[in-house]
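S.K.: coords below, sequence missing:
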């Protein structure tokens, strides 16, 4: 009698897991194609874990794990309008869902034919969403097919030149960048795009040999940041370059400087690069060193790479997002880095390993991350996931939120079924450091770090009920002068709360 163990049955399967064994077998674009998701089966009387945790089911007809790979975007957050937009690749087409407060407000079928890959970009000025997708080897922008020289289009990427997270877009973006790849010739193309009219410019070919996946492009303040991974023999080498948005002819990609970074191997890119609140560029690497893997936050213009999450064994997926945290002036560092530990830009990096989801929350713009990644015990096992940008939803002060789009895993790390879920994860921010100085008829309230006063958005209150506020004067965004009818008692407390579309701070201090 012949016996086939579970290990023998699963050998040879191409998995989406980004481990060394799989990548050594498939060292080309197929690593991003993923696998078909199994059909959903549900017990009649069994209460599903996601129901208990109030996750939102987007669809039970997910087609493949491909959308959870590479740098393509499946979900974006419109923080100005409190809307999350999610693309789901399903067995009967491509769907765009508009979600608010754990409810689907609208669900539209973008394509009624099978799609290979998709991405989307938010137009912050008016909340419009542009979808780019590949169907039948052809590239589409919304409902319009884009003429290309490619025989097999793949890896579309979109980026609009607009303000970064947490900042208001006062004008409609006039320029953006579209990139894609021909899998027949391995050529990568760049084209300018008007985000309003959707007019595209001529194809500009990136002269890159041996690319793995497509180009990861980010536009900001007239500049384009471009990241491409290439295969050199059996190793991944990340390339990086910049150009102006309206002149793509001068792109010069060169190896990303990793001198001084300890690593044995670099893995394929699995999440999008981004700019943070102050417009500083970040690109993410997954590196193996010894028996551990690390998600690295690389800031080329600072010549800095920071290990955000390090785990023994393999990391299966990763995401990196900025959140709307206004930085302080900086102490011995540039403003986005704050004091090197806190009071800087906000960055959240997430990683999955063996079905568990971890996150690392930097309060210093990526200069430092907590000592250990935070394991999310509330979420079920994760097979694959994508995240939105972080945002403030206003449920509580000093909290930042992020939406996760995911497929569940079983105990062996395989997909449970074809259901795609959305769940919101709230994460704590540092409490503002507040000081108060009281005189006869006024109190000066000052924030030392991790909080702000905003015109018309900040309120104060006294625990001493005998004190009445006559007026407030905003001296600067961290100093507030409060005119009172009598001095508050020593030992009583003064509280403040600042709440806007992007920020929600609250703090308290004892009157000396």
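M.R.: Thanks, I have the structure now. Keep in mind that this is a model prediction, so the values were computed, not measured.

S.K.: what residue ranges in the stretch 1-150 of the chain score low on pLDDT?
M.R.: Where the stretch 1-150 of the chain drops to pLDDT under 70, the residues are 1-26, 40-54.

S.K.: Could I get the full set of strands for the stretch 151-300 of the chain?
M.R.: Taking DSSP state E, counting those that start in this stretch as the criterion, the stretch 151-300 of the chain carries its strands at 153-160, 176-182, 187-193, 204-206, 211-220, 223-232, 235-244, 254-255, 265-266, 274-275, 281-289, 292-299.

S.K.: CSV for the ones you listed, including mean neighbour count and distance to residue 353?
M.R.: (C-beta placed from N, C-alpha, C; glycine too.) Formatted as CSV, these follow (neighbours: other Cβ atoms under 10 Å; distance: least, Cβ to Cβ, whole Å):
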stretch, mean neighbour count, distance to residue 353
strand 153-160, 25, 25
strand 176-182, 25, 29
strand 187-193, 21, 31
strand 204-206, 17, 33
strand 211-220, 24, 22
strand 223-232, 21, 21
strand 235-244, 18, 20
strand 254-255, 10, 28
strand 265-266, 17, 17
strand 274-275, 22, 22
strand 281-289, 22, 11
strand 292-299, 23, 8
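
S.K.: Mean pLDDT and distance to residue 431 for these - can I get that in a markdown table?
M.R.: A markdown table is the format used below for the strands of the stretch 151-300 of the chain (pLDDT from 0 to 100; distance: least, Cβ to Cβ, whole Å):
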| stretch | mean pLDDT | distance to residue 431 |
| --- | --- | --- |
| strand 153-160 | 97 | 35 |
| strand 176-182 | 96 | 39 |
| strand 187-193 | 96 | 43 |
| strand 204-206 | 93 | 46 |
| strand 211-220 | 96 | 31 |
| strand 223-232 | 95 | 34 |
| strand 235-244 | 94 | 37 |
| strand 254-255 | 96 | 42 |
| strand 265-266 | 92 | 38 |
| strand 274-275 | 96 | 26 |
| strand 281-289 | 95 | 26 |
| strand 292-299 | 94 | 24 |
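
S.K.: how long is stretch 429-449 from one end to the other?
M.R.: 12 Å (Cα to Cα, to the nearest Å).

S.K.: Now find how far off-centre it is within its chain.
M.R.: Here the centre of mass of C-alpha atoms in stretch 429-449, compared against the chain's by Cα atoms, centre = their mean, to the nearest Å, lies 33 Å away.

S.K.: Name the residues of it that come out as buried.
M.R.: For stretch 429-449, the neighbour count (16 or more other Cβ atoms under 10 Å) marks 429, 430, 432, 434, 436, 438, 442, 443, 445, 446, 447, 449 as buried.

S.K.: Distance check, the first one against residue 506.
M.R.: So the one you mean is residue 429. Going from residue 429 to residue 506 by Cβ to Cβ, to the nearest Å gives 10 Å.

S.K.: now do the second one
M.R.: Residue 430 sits 12 Å away from residue 506 when distances are taken as Cβ to Cβ.

S.K.: okay but residue 395 is in contact with residue 426, surely?
M.R.: Yes: taking contacts as Cβ atoms under 8 Å, residue 395 lies within contact range of residue 426: 7.1 Å.
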